[in-house]
Structure formats: C-alpha cells, structure tokens
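Colleague: here is a sequence together with a model predicted from it:
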Amino acid sequence: MMGPVTTIEGRAIPLGMANVDTDVIIPAHWLKTITRDGLGQGAFESLRAVPGNVFDKPEYAAAPILIAGDNFGCGSSREHAAWALLDRGITAVIAPSFSDIFAGNAFKNGILAVALPQADIDRLLEVAQTDPISIDLDAQSVTTPFQDRFAFAIDPFRKQCLLEGLDEIGLTLASDAAISTHETMREQALPWLATPRREIA
C-alpha cells in the first residue's frame, strides 16, 4: 500500500535529457529480480557510468525530485522503471511530457508525474543547480525560493488517489462495504450462482 502524496520538496536532480526510455531508467538485465528492493542500484546505470554525472553529485544524493526532458519513460512497459525510481528515493518527476504507460505505472506506484512547458522546465533546471524545489499536489503547483510558481494539470481521480495514498488494492478495500452488500443481494436474488458445483463422476 502506498503512502499519501501531498507535498514533495527538496533538491531536484537536473537531468534535463529528452527521450529517456525505460531501458535507461532500469536496464533489462536488472529485470531478473523477484523483488523490488535494490532496483535503485541499477537506476540510470549507463548514465551513472560516466564520470562526473549528475546522479553521483553529493548534493543530489537524497533528491526526491527528477527534472527531465520531453517524452520521459518512453520505450517498454516495464513497471520496474517506477520501482527503480522509488527505490532510489525519487517520488516525483517533472518533464514536458511522459509516455502514457510510464505515467500510468508511476501513478499506480505513488510517483507524481508533473508535466510543465519547456520554458518552465528550463527555469527549474536552473534553480535546481543551487536550490530546492517544492511541489504541492493539492494546490497543483511547483514553486522555488525565488517566487517562481508553475501550475500543472492532473487528472482529478489520480490526484485524489495520490492524496489519499490509494492504489488499486486500497481503492477496492475502500469499497468493501458496498461490495459485501452487493454480494449479499446477488446471493438472495440469484441463489443458484452461490450453489457449489457438483463433481462429475
């Protein structure tokens, strides 16, 4: 069960790269694992192999936000990409656009995907070099210490689920009373559906 997402603030990794696909986020050879734990070690492995890369700078060691370029999360449908980001401590990604499948996987795992125009991204990349950034989901805004304020849109259903920390299991459990009432009514109206099937000799 994921926790509620309300405000995310801290340093933001200024990646800025466009078309970051899921194989860059988590290479295929990491998909053999049977657990989500430890996937953060493989996150952005090819980029982190380059000396002086932004991910290994100490000021971004615990950064909860990633700022990327257009079309983030393109490529395959692997949910491991979202798991790897979470395991690395990244709970929000800001970019001009996202792959639909990645955005869905991010949402289901409690990662906030914020889409902003490129001009706003450029400003945030500049601020991220020296200062923290704050995302307020309820207000649907990204702010900086320099009075920058960028509004973003989000599907109301996804917003409510993130604010309440409800994944698909949580949503089902929240309707437990209604489900039980429906099952009782169905058994009364259609009792033969509840009758155990007879074994055929």
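Modeller: Noted; the coordinates are in hand.
Colleague: report the buried residues of stretch 33-43.
Modeller: Buried positions in stretch 33-43, judged by neighbour count with 16 or more other CB atoms under 10 Å: 39, 40, 42, 43. (Glycine included, C-beta is placed from N, CA and C.)
Colleague: in TSV: those residues, plus distance to residue 190, secondary structure and pLDDT.
Modeller: Shown next, in TSV, are these (distance: CB to CB, whole Å; DSSP: H, G, I helix; E, B strand; the rest coil; pLDDT from 0 to 100):
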residue	distance to residue 190	secondary structure	pLDDT
39	46	helix	94
40	49	helix	94
42	51	coil	95
43	50	coil	96
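Colleague: and the residues you listed as TSV, adding distance to residue 103?
Modeller: Output for the buried residues of stretch 33-43, formatted as TSV (distance: CB to CB, whole Å):
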residue	distance to residue 103
39	19
40	20
42	21
43	18
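Colleague: between those, which is closest to residue 20?
Modeller: Distances from residue 20 to the buried residues of stretch 33-43, taken as CB to CB, are shortest for residue 43 (11.1 Å).
Colleague: please name the nearest non-neighbouring residue to that closest one.
Modeller: residue 84 (4.1 Å; CB to CB, 6 or more residues apart in numbering).
Colleague: before we move on, the earlier item: now, among the buried residues of stretch 33-43, which is nearest to residue 91?
Modeller: residue 40 (12.2 Å).
Colleague: great, nothing more from me.
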